[in-house]
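got a sequence here, can you build the structure:
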Amino acid sequence: MSTLDTGPSAVKAAARATARARRRSAPRPDGTLIAERSWDLLQQVPGPRRVTAYASYGTEPPTVDLCSMLAERGFEVLLPRVADDRIEWVLADESMEVSAMGIAEPTGPVLDLEPVRALLIPALAVTPAGDRLGKGGGFYDRVLAGLGDPRPIVAAIVDDGDVIDDVPVEPHDYRVDYVITPTRVIACATRRG
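Here you go, the predicted structure:
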């Protein structure tokens with residue numbers, strides 16, 4: 001006889017399934033508006049003209065306009081590439097290939113992440129306090145754990161419906177400083193400085 005698993009991983013799996021279902025039933029968010037809100041935030045934050053973004057796929061809010069706009073405005077945009085259990089950072093350019101995970105990844109040489117002004121990262125859901133529900137690989141939590149001090153800002157890009165009151169968290173989960181949606185930028189309660 002088996003018992004129902006109610007541990008942290010089962011709770012997170014259920015939350016991810018709910019978030020994915022919500023996204024599948026919602027209209028795709030406007031990528032141009034996401035780019036504009038991201039620009040609004042980046043203009044207020046000091047630092048080098050280097051940011052991270054990601055190549056969206058599936059039901060993720062689109063980031064093509066964001067990456068193009070930032071490059072056109074003189075930012076160096078780094079995209080993630082998964083290598084084993086970690087993320088490598090590569091300059092965004094036209095050279096992309098689809099990984100075994102089904103994600104378009106850059107093929108160029110690996111670069112140091114820092115110095116970087118901001119990390120613009122994906123999330124399935126996020127709270128106004130900055131608790132983030134990722135896809136479950138822990139890749140971004142490992143990146144955030146390795147950031148230097150002072151830590152660059154971290155912003156989750158989601159649709160308005162992905163901002164919810166509560167997501168399950170564990171001790172290794174890192175909060176984000178901002179939430180970017182097509183209609184607003186939320187400064188999280190835990191934001192520093």
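
ok, the residue lying closest to A145 once chain neighbours are set aside to V90 distance?
Of all residues not flanking A145 in the chain, Y174 sits nearest, at 6.8 Å (C-beta to C-beta, 6 or more residues apart in numbering). Every residue, glycine included, has its C-beta placed from N, CA and C. Applying C-beta to C-beta, to the nearest Å, the value for Y174 to V90 is 22 Å.

where does pLDDT dip in this protein?
Counting by pLDDT under 70, the chain shows low-confidence ranges at 1-8, 190-193.

list the buried residues for whichever strand in it runs longest?
For the chain, the strand with the greatest residue count under DSSP state E is strand 76-83. Using 16 or more other C-beta atoms under 10 Å as the burial criterion, the residues of strand 76-83 that qualify are E76, V77, L78, L79, P80, R81.

report the contact partners of the fifth one.
What it means is P80. Taking C-beta atoms under 8 Å, 6 or more residues apart in numbering, we find P80 in contact with T52, Y54, I87, E88, W89, V90, E105, F139.

how about the fourth one?
Going by C-beta under 8 Å, 6+ apart, L79 touches T52, A53, Y54, A55, C67, W89, V90, L91, A92, E105, P106.

buried residues in the longest helix seen in the chain?
In the chain, with assignment by DSSP state H, the single longest helix is helix 8-25. Of all the residues in helix 8-25, those buried under the rule 16+ other C-beta under 10 Å are K12, A15, R16, A19, R22, R23.

list the contacts of it.
4, 59, 124-125, 133, 135-136, 159, 161-162, 167-168, 170.

filter these down to just the buried residues.
Buried, going by 16+ other C-beta under 10 Å: T59, L124, A125, L133, K135, D159, D162, V167, P168, out of those.

now, which of the buried residues of strand 76-83 sits nearest G146?
P80 (13.5 Å; C-beta to C-beta).

specify the beta-bridge partners of the residue lying closest to M101 once chain neighbours are set aside.
Using C-beta to C-beta, 6+ apart and skipping the chain neighbours, the partner closest in space to M101 is V82 (6.5 Å). For V82, the beta-bridge partners under DSSP bridges are I87.

center of the chain - which residue?
I121 (1.6 Å; C-alpha atoms, centre = their mean).

checking that one next. Helix, strand or coil?
For I121, the assignment made with DSSP: H, G, I helix; E, B strand; the rest coil gives strand.

if I pick it, what's in contact with it?
T52, Y54, R132, Y140, V154, A155, A156, I157, V176.

out of those residues, which comes closest to V116?
T52 (6.4 Å).

what sits against the closest one?
When contacts are taken as C-beta under 8 Å, 6+ apart, T52 is in contact with V77, L78, L79, P80, W89, L113, V116, A118, L119, L120, I121.

before we move on, what about W89?
W89 touches T52, L78, L79, P80, R81, V110, L111, D112, L113, counting by C-beta under 8 Å, 6+ apart.
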